[in-house]
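here's a sequence, model it:
(2 chains)
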Amino acid sequence: QQQVKQSPQSLIVQKGGISIINCAYENTAFDYFPWYQQFPGKGPALLIAIRPDVSEKKEGRFTISFNKSAKQFSLHIMDSQPGDSATYFCAASMSGSRLTFGEGTQLTVNP
Amino acid sequence: NAGVTQTPKFRVLKTGQSMTLLCAQDMNHEYMYWYRQDPGMGLRLIHYSVGEGTTAKGEVPDGYNVSRLKKQNFLLGLESAAPSQTSVYFCASSRDALSLYNEQFFGPGTRLTVL
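As a prediction, the model looks like this:
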């Protein structure tokens, strides 16, 4: 049973545009929500993470928006660049012991 | 620091063969994890360990066994490989329980094909 649902499966954005990836979760006990970035042939790497007691976190061009009541969170990539082309995964954890991942979004940023 | 390393990088097995995937980390991390990645399914946790000598089942443990005899190593075994185990396997580690202050670091992956 997938406890974290991610959409869209793929996304194409023009350079300079905004990329938005959405995730929804079911378990209200989740207390840690990271996003990972994965380039082809590489392992995932942590991009940005948030706890449910804040509604937004920004690091450079990357922002997580968190809606606790709707049980949804999203990743916004501002001024998207071709170098951002990768697969992005949302995830959630309860009490820090393990991560449950979303299905992944393949982002392509066209020059 | 090498971080998290995985051996081998690629492997082809025949149905019924056995093999062991080795994960090593040089960051003195307590927690280690094994995931498999399949198209459209994200990463799914197979087994994990919260310290030397401990192991626990994840989402998809059937057909796999693990051992954590040394803190720095986490081994994943397939006793009788099946085509359904064709996947990319990732090992990861974290210093402690996951939080904003303890992230999970991933290895480069092992691509396994079972014919």
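
up against chain B, what does chain A have?
A:4, A:6, A:9, A:32, A:34, A:41-46, A:49-51, A:89, A:93, A:95-104 (C-beta under 8 Å from any C-beta of the partner chain). For glycine as for every other residue, the C-beta is placed from the backbone atoms N, C-alpha and C.

quick check, central residue of chain B?
B:Trp34 (2.6 Å; C-alpha atoms, centre = their mean).

buried sites along stretch B:97-105?
Neighbour counts using 16 or more other C-beta atoms under 10 Å in any protein chain shown place B:97-99, B:103-105 of stretch B:97-105 among the buried residues.

the helix or strand where B:Gly77 lies: partners in the sheet, and parallel or antiparallel?
Element membership for B:Gly77 (DSSP states H and E) is strand B:73-78. When pairing is defined by DSSP bridges, strand B:73-78 lines up against strand B:19-25 (antiparallel), strand B:65-67 (antiparallel).

how about that strand as PDB, C-alpha atoms only?
Extracted in PDB, the C-alpha atoms of strand B:73-78 (Å, rounded to 0.1, in the frame of the first residue of the first chain):
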ATOM      1  CA  ASN B  73      28.900  -3.100   6.600                       C
ATOM      2  CA  PHE B  74      25.400  -4.200   5.600                       C
ATOM      3  CA  LEU B  75      25.000  -7.200   3.400                       C
ATOM      4  CA  LEU B  76      22.000  -8.100   1.300                       C
ATOM      5  CA  GLY B  77      21.600 -11.700   0.300                       C
ATOM      6  CA  LEU B  78      19.400 -13.300  -2.400                       C
END
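
following element in sequence after that strand, please.
strand B:87-99.

pLDDT of that next one, averaged?
Strand B:87-99 shows a mean pLDDT of 93.

list, one by one, the residues from chain B near chain A.
Taking C-beta under 8 Å from any C-beta as the criterion, chain B approaches chain A at residues B:4, B:33, B:40-45, B:48, B:50, B:58-59, B:90, B:92, B:96-100, B:102-109.
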